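Undergrad: Build me a model from this:
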Amino acid sequence: MKALRAIQSLEFSSIFGGNFSIARSRATFPQKLFFCRAKFAESGVDGSFSLRVVSPTSLAAEKEEAKAVLTLFMKKQGLSKAVAARTINKSDLFIDHLVSRLHLVHKSRYLAGREFATLEIRDALIPYLETLHEEHGNILVELVENFPNAPVKERPAAQVSPSHPTVDSKRLKAVSRVSEAGPKGDLRPQVLYLIELGMDLERIKLITRRFTAFSYYSLEGKIKPFVEFLLDLGVAKSDIPVILTKSPKLCGLSLSENLIPTMIFLEDLGVDKKQWAKIIRRCPTVLSCSKQKIKSTVDFLYEMGILAESIGKILTRCPNIISYSVEDKLRPTAEYFRSLGVDVSVLLQRSPQSVGLSMEANLKPVTEFFIERGFRMEEIGIMISRYTSLYIFSLKENLIPKWEFFLTMDYDKSELVKFPTYFGYSLEERIKPRYARVKECGVTVCLKQVLSLSSCDFDKTLNKKMKKIAFRRGFN
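TA: You can find the predicted model right below:
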């Protein structure tokens, strides 16, 4: 292991497609190109259906999250905060376009009434933005600001050198490589190997459109060693297609120079080496993070009061935290929780995924939800401190229905301040059946006992209280 070379610098910005020039030069683009070959070409659906099935509250939250994703993406390409902010202010139609794309990609989930977490929204939109950047390069800002109108032509077409193939032609060539059959009618060996792993040809083509280099990776030199590397770590074969879809670039990294040194560095920080399968399944891009990026996250954790022995536990439970920008994401989120009176070090140790939530789409709406229902800021801070996972739950699927049922229960809302873990129990399988038993027995039991006791202890508590009531009645 000592012979391994130092980890190459693979900053988080590389995930977003490299440097971003903000030169204001303009090129000729047919109108249909501006609607993006990366778009809905495969489906033929415009995504407008989603606006009819998503509630106004959810839609507003998704727009705010789309703005946050676009802002982060532009900053990672080198734009200043001022330029990014100005672009966002002019991007209403493009934001609607991103939300429609999100609804199209996950149509079945939205029709089922389910909401998406912040990370899932990012996973859906960032690859799309990467593809747009590859297609349009230094006029992406104009594309965003002028959507759906194409940028105005200023530069003569002759200035575009015909000796350099366009990104689109590269993409078509790459897709052709994974689609074409050989002289014997067989697909390329690497494609057949991926199909044996459980990937269908359409998924392979989708990966190739997003990351053209994937089509040129050899079976023996790149793909197979990486897959065997994952299998040796205990990753299930069924999870490998998902990992390759999320992070096809990992196949191109050297095991000895990149992946293994990164793992060793993280293990030295305390990451549980027995949990690599789960870690990679949750966040495969963690293997492509540079040592500098990891150190910046660790320094932030130290700054928040996390002890060295807890660092590895946090990174093991929530590897995504490494991918977040310290200044743009982690620090603002930590300050927000502090403003509510929450001990951030405790929050990070108990529920590190909370710092990955969107300020506009998750944190502020949940705070407003409780304020609108009469809770004071101090009480909200107490609730978070007592149940650090509180803000992770969906408003629509969790907090609202459970609050509405709570209003039918014979408890004051102060019970929720004492026992906010109420929101962590299943409404149908735990809360309703347990409370029905309490009402049936005609007794009074505090909310914490109703939900937290085991079935045996719960029954004992009910019987004990019923005997007391019977004794008092007999005595009277």
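
Undergrad: Give me the buried positions along stretch 270-285.
TA: Buried positions in stretch 270-285, judged by neighbour count with 16 or more other C-beta atoms under 10 Å: G270, V271, Q275, W276, K278, I279, I280, R281, R282, C283, P284, T285. Using the backbone N, CA and C atoms, a C-beta is placed for each residue, glycine as well.

Undergrad: wait, stretch 383-392
TA: Under 16+ other C-beta under 10 Å, the buried positions of stretch 383-392 are M383, I384, S385, Y387, T388, S389, L390, Y391, I392.

Undergrad: Average pLDDT for stretch 61-72, rounded please.
TA: Mean pLDDT, stretch 61-72: 83.

Undergrad: outside of that stretch, which residues touch it?
TA: 54, 84-85, 87-88, 91, 94-96, 98-99, 102, 116, 118, 121-122, 125-126, 129, 144, 325, 328-329, 358-362, 365 (C-beta atoms under 8 Å, 6 or more residues apart in numbering).

Undergrad: cool, and stretch 196-211?
TA: Stretch 196-211 is contacted by residues 38, 42, 127, 130-131, 171, 174-175, 177-179, 187, 191, 194-195, 214-215, 227, 237-238, 240-241, 244-245, 248-249 when judged by C-beta under 8 Å, 6+ apart.

Undergrad: got it, and stretch 346-357?
TA: Here stretch 346-357 makes contact (C-beta under 8 Å, 6+ apart) with 118-119, 301, 304, 306, 310, 313-314, 317-318, 320-321, 324, 329-330, 333-334, 337, 363, 384-385, 388-389, 391-392.

Undergrad: Helices along the stretch 201-350 of the chain, start to end?
TA: Using DSSP state H, counting those that start in this stretch, the helices of the stretch 201-350 of the chain run over residues 201-210, 224-232, 240-246, 260-268, 276-282, 291-303, 308-317, 331-339, 344-350.

Undergrad: In CSV: those, plus distance to D412 and mean pLDDT.
TA: Shown next, in CSV, are the helices of the stretch 201-350 of the chain (distance: least, C-beta to C-beta, whole Å; pLDDT from 0 to 100):
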stretch, distance to D412, mean pLDDT
helix 201-210, 53, 88
helix 224-232, 52, 95
helix 240-246, 46, 91
helix 260-268, 47, 95
helix 276-282, 39, 93
helix 291-303, 38, 95
helix 308-317, 35, 95
helix 331-339, 26, 95
helix 344-350, 26, 96
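
Undergrad: right, so of the ones you listed, which gets closest to F458?
TA: Nearest of those to F458, taken as C-beta to C-beta: helix 344-350 at 25.5 Å.

Undergrad: just to revisit the earlier point, please pick the buried ones from the contacts of stretch 61-72.
TA: The buried subset of these (16+ other C-beta under 10 Å) comprises 54, 84, 87-88, 91, 94-96, 98-99, 102, 116, 118, 121-122, 125-126, 129, 144, 325, 329, 358-362, 365.

Undergrad: ok, back up a step: out of the contacts of stretch 196-211, which end up buried?
TA: 38, 127, 130-131, 171, 174-175, 177-178, 187, 191, 194, 214-215, 227, 240-241, 244-245, 248-249.

Undergrad: Flag the shaky bits of this protein, pLDDT-wise.
TA: By pLDDT under 70, the low-scoring segments of the chain are 1-57, 77-78, 105-120, 133-140, 148-167, 474-476.

Undergrad: how's it carved up into domains?
TA: Per automatic domain parsing, the domain ranges recorded for the chain read 324-422, 425-476.

Undergrad: how long is the longest one end to end?
TA: Taking C-alpha to C-alpha, to the nearest Å, the span from the opening residue of domain 324-422 to its closing residue is 30 Å.

Undergrad: Next, format the helices of the stretch 201-350 of the chain as TSV and append distance to M74.
TA: TSV is the format used below for these (distance: least, C-beta to C-beta, whole Å):
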stretch	distance to M74
helix 201-210	19
helix 224-232	31
helix 240-246	22
helix 260-268	27
helix 276-282	26
helix 291-303	19
helix 308-317	28
helix 331-339	17
helix 344-350	28
